[in-house]
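A.B. asks: structure of the sequence below:
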Amino acid sequence: IKKCERTLSKWKQRHLSFGGRVTLIQSVLNSIPIYFLSIFRIPKKVEDKLVGLQQRFLWGGGPDNNKIAWIKWDKVCLPKEKGGLGEKDISTFNLARRGKWRWNLFQQEGHLWAKLLESKYGGWRGLDEAPVCTKESMWWRDLKIAFQSSQQGQELKRGIQWRVGSGDRIEFWEDEWIDGDVSLITKYPRLYLISCQQNQLIQQMGGFRDEEWEWNLSWRRTLFDNEIPMATNFLRDIESRTIQVNRRDDWVWMADNRGQYTAHTAYNLMRGTEVDGIQDEAFEELWKLKVPSKYAVFAWRLLRNRLPTKINLHRRQIEVMDRSCPFCRNMEEDAGHLFFHCRKIIPIWWESVLWLNISAVFPADPKQHFLQHGLIMAGGIQTTKWRCWWLAVTWSIWQKRNKIIFSNGTFDANKVIDDTAFLLWTWLS
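C.D. replies: Numbering: from 1, shown residues only. This is a model prediction of the structure:
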């Protein structure tokens, strides 16, 4: 925490754009505690403190002052295509990093450190099966609780599937090696009860004859007639897997194309199942645009209607003496009016579409306006440029609005168009 605070004290966030602060959080603040997060479970108080530091820095506040957090932190941590900024959720990232221990315990089973943990705690199976014991170290106990008791830990376990080799590590009844998400003991509990081969590895359930695998199943009694269909399905299931004599059983991480566990894919897997947001076309299209981050983040706030317009400030209990639009002075200043429906602004949009010799009706909702503006073109590069034009227009309108309010400027539609054209040229050149 102190290291993060020292780093923040060196940055003068008042001289950084919003987009710059987003980048610094992602590239620097999230990497400072990465060693700690890779080993230990982060205490809740520490997590809250780190989130508070990041949140204050993002919205321009400091150690001694807070500014309005216009969007909840859990929304900021959503993936970009679901309406967030893709910031790391520290708790989820912590588990994703620590999940590497379970993976390495399995993959490096013969290494000295893995042998030590296996002899003392039971290795990777100890994390999954053994009950939590007070005699264990706090580090190991936290790992077990994470995998056995948390929903996210269960998601990590479901993200791993068995690749059957010689059957030297897979427990025949207990492990989920047939369907990937259900064990034979769960699917055929009655057959398990009458089996003489409980708690056996696959390689102990048969053998190779002339390089062909043959099952050697043993039962406590003869099967009843009503158990025959069940046994038939059971045999069909186990014979669907090929046992290979010279290949060890292995794990495959399903969230990665190479089948290898990474903290990045684990984090995405857990966040994908944890968040209930759906992909939003407007945000998907926004983040495809190749523009500097401060403009993209500005558009993100506009699409979420979280810019400090006078109406939004009033809703946040901020006293605003004059809530009228600084351009026309007739209507209250909300995003729909300020950017799209003000009588001094709407000619700018009309002129934009007249260049294409078309007409359109402009929605007041920023998301709908952005999407409709992109649909005007037929697709491809021209659509991308047209959406960049939309972003440049809205940015220029916002800058003109701020000059009028804070610097006693005057409105000039031609100047807004000139500023927009120059801004677009700098992006596309």
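A.B. asks: just the helices in the stretch 301-429 of the chain please.
C.D. replies: 310-315, 335-336, 346-354, 366-375, 381-407, 413-428 (DSSP state H, counting those that start in this stretch).
A.B. asks: and those helices, which one is worst for confidence?
C.D. replies: Mean pLDDT values for the helices of the stretch 301-429 of the chain show the minimum at helix 366-375, a mean of 83.
A.B. asks: what helices or strands is that helix leaning on?
C.D. replies: helix 281-288, helix 293-303, helix 381-407 (3 or more C-beta pairs under 8 Å, 6 or more residues apart in numbering; DSSP states H and E). Every residue, glycine included, has its C-beta placed from N, CA and C.
A.B. asks: which of the ones you listed has the highest mean neighbour count?
C.D. replies: For these, the largest average neighbour count (mean count of other C-beta atoms under 10 Å) is found in helix 293-303, namely a mean of 20.
A.B. asks: before we move on, back to that, need the helices and strands packed on helix 366-375 in TSV with distance to Ser31, can you?
C.D. replies: Output for these, formatted as TSV (distance: least, C-beta to C-beta, whole Å):
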stretch	distance to Ser31
helix 281-288	22
helix 293-303	18
helix 381-407	30
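A.B. asks: so Phe208 sits in a helix?
C.D. replies: No. Phe208 sits outside any helix when classified using DSSP: H, G, I helix; E, B strand; the rest coil, being strand.
A.B. asks: what bridges to it?
C.D. replies: Taking DSSP bridges as the rule, Phe208 bridges to Trp213.
A.B. asks: count of neighbours near it?
C.D. replies: Counted with other C-beta atoms under 10 Å, the neighbours of Phe208 add up to 13.
A.B. asks: swap in Thr242?
C.D. replies: 9.
A.B. asks: ok, it to Tyr188 distance?
C.D. replies: From Thr242 across to Tyr188, the span is 20 Å (C-beta to C-beta, to the nearest Å).
A.B. asks: likewise Thr7?
C.D. replies: Distance from Thr7 to Tyr188, by C-beta to C-beta: 57 Å.
A.B. asks: who has more neighbours, these two?
C.D. replies: Neighbours were counted for Thr7 and for Tyr188 using other C-beta under 10 Å; Tyr188 has more, 18 against 15.
A.B. asks: relative to Gly52, how far out is Lys45?
C.D. replies: Distance from Lys45 to Gly52, by C-beta to C-beta: 11 Å.
A.B. asks: looks like Gln203 contacts Arg169 (just checking).
C.D. replies: No. Contact criterion C-beta atoms under 8 Å: Gln203 and Arg169 do not qualify, at 9.0 Å.
A.B. asks: run through who's touching the one helix or strand Lys157 maps to.
C.D. replies: Per DSSP states H and E, Lys157 falls inside helix 151-158. Where contact means C-beta atoms under 8 Å, 6 or more residues apart in numbering, the residues beyond helix 151-158 that reach it are 92, 95-96, 99, 102, 128, 146-147, 181, 266, 269-270, 273-274.
A.B. asks: in the helix or strand following that helix, which residues are buried?
C.D. replies: Following helix 151-158 in sequence order, the next helix or strand is strand 160-163 (DSSP H and E). For strand 160-163, burial by neighbour count (16 or more other C-beta atoms under 10 Å) applies to Ile160, Gln161, Trp162.
A.B. asks: which pLDDT value does the model give the last one?
C.D. replies: Think Trp162. We have a pLDDT of 94 for Trp162.
A.B. asks: can you redo the helices of the stretch 301-429 of the chain as JSON lines with distance to Asp280?
C.D. replies: Putting the helices of the stretch 301-429 of the chain into JSON lines (distance: least, C-beta to C-beta, whole Å) gives the following:
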{"stretch": "helix 310-315", "distance to Asp280": "20"}
{"stretch": "helix 335-336", "distance to Asp280": "17"}
{"stretch": "helix 346-354", "distance to Asp280": "23"}
{"stretch": "helix 366-375", "distance to Asp280": "8"}
{"stretch": "helix 381-407", "distance to Asp280": "15"}
{"stretch": "helix 413-428", "distance to Asp280": "23"}
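A.B. asks: which of those sits closest to Leu117?
C.D. replies: Of all the helices of the stretch 301-429 of the chain, helix 366-375 sits nearest to Leu117, with 51.1 Å by C-beta to C-beta.
A.B. asks: next, the angle helix 281-288 makes with that closest one.
C.D. replies: 60 degrees (axes from the mean of the first three to the mean of the last three C-alpha atoms, to 10 degrees).
A.B. asks: from the chain's centroid, how far away is helix 366-375?
C.D. replies: In this view, helix 366-375 has its centroid 25 Å away from the chain centroid, taken as C-alpha atoms, centre = their mean, to the nearest Å.
A.B. asks: next, the angle from it to helix 293-303.
C.D. replies: 120 degrees.
A.B. asks: wait, what's in contact with Trp59?
C.D. replies: Lys67, Ile68, Ala69, Trp70.
A.B. asks: drop anything exposed from the residues you listed.
C.D. replies: With burial judged by 16+ other C-beta under 10 Å, the buried subset of the contacts of Trp59 is Trp70.
A.B. asks: from the contacts of Trp59, which single one is nearest Thr262?
C.D. replies: Among the contacts of Trp59, and counting by C-beta to C-beta, the member closest to Thr262 is Ala69, at 31.2 Å.
A.B. asks: quick check: the gap between the closest residue to that closest one other than its chain neighbours and Pro79.
C.D. replies: Among residues not flanking Ala69 along the chain, Trp59 sits closest, at 5.2 Å (C-beta to C-beta, 6 or more residues apart in numbering). Per C-beta to C-beta, Trp59 is found 20 Å from Pro79.
A.B. asks: now Ala263
C.D. replies: 16 Å.
A.B. asks: same question, Thr186
C.D. replies: To Pro79, Thr186 is 33 Å away according to C-beta to C-beta.
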